[in-house]
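A.B. asks: here is a sequence together with a model predicted from it:
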Amino acid sequence: MHKIEKEKLKKPPKLVGRLAGSIILAGAISIIPIILALYFVVNYLPIKIPMYLLIALTPLYYTLAKWIFNLTFLALARAQLKPVEEGTHEFDMKNKSVRNWMTNIMLTNAAIHFIGMPPLGQNFLGGFVFKHLKCKMGPGTTLFNISDPYMVEAGKHAVQGGMGYMSGHISKGTSLYLKKVKIGDGAMIGVYSFLSPGVELGEGSIVAEYSFVPRDTKIPPNTIWAGIPAKQIYPKPKK
């Protein structure tokens, strides 16, 4: 096997190891304090608590362990986020931006699904998770689902409808394209609409439901776009 092929095989396990290591560490941090607390209660508390009561409190232990794990994992994910260079990259593990993006996508997606999306998380916590993963969100902004939070910049009072999706990356063949998504103040994105990398929504613009906005599309302020691919429908563009 050629040296380059061996090198390509070495990198993914290291990246997966970051995710696995973060999960294991967060799991240990969430379980060990509860075990130690129970040990203290059973052996050293002056008042003896009946065993049936300790067993009955199992849902409480689970809830505490779950949220200690979630918050610890979120902090670990944020600490490990790495910078990526915008533009087109060959999908080669020797490319630093590609390696960094793969690390980021594994950690951010895991954190979002653990905390900000059902069934493990809650939708109302999505904004908290996105901000913690370095998404820039102005006051009053609500975003539903983001693939690369650290590559999204949203102004004030912008809204992304339910089941919408936006991504700072797209892959085609052997290439990976990375670019920030920018959303202006008061912009609205309809349900089930997809925003590709490099899209910029002007202030007060609207993307209708079930629309697909191709990469690098610049949507002017106070316009309405719809369709697959999305086109301006109001005001009607001059021919």
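C.D. replies: Arrived safely, thanks for sending.
A.B. asks: worst-scoring helix or strand of this structure, pLDDT-wise?
C.D. replies: When each helix and strand of the chain is scored by mean pLDDT, DSSP states H and E, helix 3-44 comes last, with a mean of 75.
A.B. asks: residue ranges with poor pLDDT in the chain?
C.D. replies: Within the chain, the segments meeting pLDDT under 70 span 1-15, 239.
A.B. asks: which stretches of it form helices?
C.D. replies: All helices of the chain, identified by DSSP state H, fall at 3-44, 51-56, 58-80, 96-111, 126-132.
A.B. asks: now the farthest one out in the chain, which residue is it?
C.D. replies: Relative to the centre of the chain, the most outlying C-alpha is that of Pro46, 46.4 Å out, by C-alpha atoms, centre = their mean.
A.B. asks: and that residue, how far from Arg215?
C.D. replies: Distance of Pro46 to Arg215, computed by C-beta to C-beta, to the nearest Å: 66 Å. Yep, even glycine has a C-beta here, placed from its N, CA and C like the rest.
A.B. asks: do you know how far Ile35 is from Met51?
C.D. replies: 16 Å.
A.B. asks: quick revisit: with distance to Thr174 and mean neighbour count added, can I get the helices of the chain in JSON lines?
C.D. replies: Shown next, in JSON lines, are the helices of the chain (distance: least, C-beta to C-beta, whole Å; neighbours: other C-beta atoms under 10 Å):
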{"stretch": "helix 3-44", "distance to Thr174": "12", "mean neighbour count": "13"}
{"stretch": "helix 51-56", "distance to Thr174": "56", "mean neighbour count": "10"}
{"stretch": "helix 58-80", "distance to Thr174": "26", "mean neighbour count": "16"}
{"stretch": "helix 96-111", "distance to Thr174": "11", "mean neighbour count": "20"}
{"stretch": "helix 126-132", "distance to Thr174": "30", "mean neighbour count": "19"}
